[in-house]
Structure formats: C-alpha cells, structure tokens
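*Asks:* below is the sequence, then the predicted model.
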Amino acid sequence: MGDQATDLRETVRQRYAATAIAVTTGGATSDCCGPDPVEVDANFGSGLYTGADRDALPAEAVAASLGCGNPTAVADLSEGERVLDLGSGGGIDVLLSARRVGPTGKAYGVDMTEEMLALALANARKAGATNVEFLKGTIEAIPLPANTIDVVISNCVVNLSVDKPAVFAEMARVLVPGGRIGISDVVAADHLTPDQRAERGSYVGCIAGALSFAEYRDQLTAAGFTDVEITSTHAVAEDMHSAIIRATAPADSPSASTAAVGP
C-alpha cells in the first residue's frame, strides 16, 4: 500500500476512534437520556433509522452511527441467515441484523478500529445479543473463511476504502454461492471527476472517495457479481447520492482453500 493510501486509512481510523471515544466518555448527558448522537448532518447518522429500530438498541449504538442509510432495512434478512457487516462501528447494524436473523442465525461485524470494537462489544452486552461476533480486521482482507456468509451489508464504509476492488473481491469470497449484498454507500454522478468529488467533501467525510454509479457497477461485475442494482435514496452533496446497492454473488464462489485464516 502506498504512502498516500496508508495516510488515508490512518485518517479514517483516527476519525472513527474519536467518534467511539466521544460516545463512550464525552457524550453522556444523563443516565436517563444516554449519550448525544455524533451527527454529521441530516444526511448521515442515526436519524436515517426508524424510531422502532433506535428504541430497540442501546443508546450508545445509536449515537455512534455515522452511516448514510439503513442497510438492514433493504437486505431482506431471514431467520437463520449469517450476516456480515463491513465496517461495523458501534454495532448498530450488527445488532439490528441479529434481531432479524434470530437465534438460529448469526451476525458478524468487522472493524479496524479498536475503540469501535470495544464500544460494539459493550453494546452487544447491553443488548443481550448472543448471536453476534465482532472481529478486528480490514474490509480489504476479511478475517473469515470463504463461502461462510449469506448476506453482506455495509453502511457508508466502502467509499472509505483505499482499495475498493479488493473489498468487492472479498465480499465475493466470503459469500456462499448465490449469496447477496445489500449495502448503503455514497455514490457520485457519472460525470463527476475524482477532483470534482473532492471539491464536494473530504475523503474521511465519505465524499471524495466515492465511486460513480458506473464505476460501482463495473467493479462489482468485475468481482463476479450479477443482478447489480444501484438506487439513489437522497442527495448528500451536489451530484453525490446516498444509494442502496444490491447484487448477487457468483454462482461458483472461490474455493475455500483460498480463504483467509479465520478467527
């Protein structure tokens, strides 16, 4: 990884570590009300979840949400499924997924930030969730074996990756044949150049690193995904959109022999 990519990843890590620390130590208003949400603006954060979803979870999980959508609402999760959340942060989407897949299913979260992992584990304990597991790792090298996940979700994290083709290849690797993705992400209008995207917002702010609609579709297709659907939900900046991305994994997934070493 080049120096610039390394610096970008570290900037992202520091931003999300600071968010976790703010929720854990700096944001508590009172025992009755819980921590203040770490909101960016109306286009990001816990306000994109229903009141029922927010009320079902620990306040700290809700406060730490910095996503641009609600992937659990579009992933069509079923009882008994195994779900993986890429860049799981404080655990809001993992905990919501765990409720949807029930005791016979399981929800995994992968995050590279120690502070977020600690917050997620604390939130899982508060929620009494027993069918969840949080793993330290990057979304470019998921620490799970091949062909072990039914559904991959993610909430405004792929745009932060410095190697998006690796992320899509890893999604395809860990999914069972015919598995699916249901993710929320920021996507740029096709006519915007990378420089124009950067003019609209920073990399760590989920704007500068976003793929265009065509780039997203092409890279998922190159990773073997089919039935790619990208649906804009709301604007987050000029010609920049929060979008729902759905796709189906290759019918013939990579051999388990190519899997990363599992936990």
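*Replies:* Yep, that arrived. Residues are numbered from 1 along each chain as shown.

*Asks:* can we go C-alpha only for contacts and neighbour counts from here?
*Replies:* Noted.

*Asks:* which positions in stretch 157-177 come out as buried?
*Replies:* 157-162, 164-177 (16 or more other CA atoms under 10 Å).

*Asks:* and the end-to-end length of that stretch?
*Replies:* This stretch, stretch 157-177, spans 24 Å end to end (CA to CA, to the nearest Å).

*Asks:* what pLDDT, on average, does that stretch get?
*Replies:* On average, the pLDDT along stretch 157-177 is 95.

*Asks:* same thing with stretch 90-98?
*Replies:* 89.

*Asks:* okay, that stretch in CSV with CA atoms only?
*Replies:* Taking Å, rounded to 0.1, in the frame of the first residue of the first chain, the C-alpha atoms of stretch 90-98 are listed here in CSV:
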residue,chain,number,x,y,z
GLY,A,90,-20.5,0.8,17.2
GLY,A,91,-22.6,-2.2,16.2
ILE,A,92,-25.9,-0.7,15.3
ASP,A,93,-26.4,-2.7,12.1
VAL,A,94,-25.0,-5.9,13.5
LEU,A,95,-27.4,-5.7,16.5
LEU,A,96,-30.4,-5.0,14.2
SER,A,97,-29.3,-7.9,11.9
ALA,A,98,-29.0,-10.2,14.9
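
*Asks:* tell me which of the buried residues of stretch 157-177 fall in helices.
*Replies:* Lys164, Pro165, Ala166, Val167, Phe168, Ala169, Glu170, Met171, Ala172, Arg173, Val174 (DSSP state H).

*Asks:* which one of those residues sits closest to Thr130?
*Replies:* Using CA to CA, Val174 comes nearest to Thr130 of these, at 22.0 Å.

*Asks:* ok, the closest residue to that closest one other than its chain neighbours to Ala122 distance?
*Replies:* Excluding the flanking residues, the one nearest Val174 by CA to CA, 6 or more residues apart in numbering is Ala146, at 4.2 Å. Distance of Ala146 to Ala122, given as CA to CA: 28 Å.

*Asks:* looking at these two, which one has more neighbours?
*Replies:* Using other CA atoms under 10 Å, the more surrounded residue of Ala146 and Ala122 is Ala146, with 24 against 18.

*Asks:* in three-state terms, label that one for me.
*Replies:* Here Ala146 is recorded as coil under DSSP: H, G, I helix; E, B strand; the rest coil.

*Asks:* for Ile181, same thing?
*Replies:* strand.

*Asks:* element containing the residue nearest to it when sequence neighbours are not counted?
*Replies:* Sequence neighbours aside, Val152 is the residue nearest to Ile181 in space, at 4.7 Å (criterion: CA to CA, 6+ apart). Per DSSP states H and E, Val152 falls inside strand 149-155.

*Asks:* and Tyr108, what pLDDT?
*Replies:* 97.

*Asks:* please enumerate the helices of the chain.
*Replies:* Under DSSP H, the chain gives helices at 3-21, 51-55, 59-63, 92-101, 114-127, 164-174, 194-200, 213-222.

*Asks:* by mean pLDDT, show me the worst of these.
*Replies:* helix 59-63 (a mean of 46).
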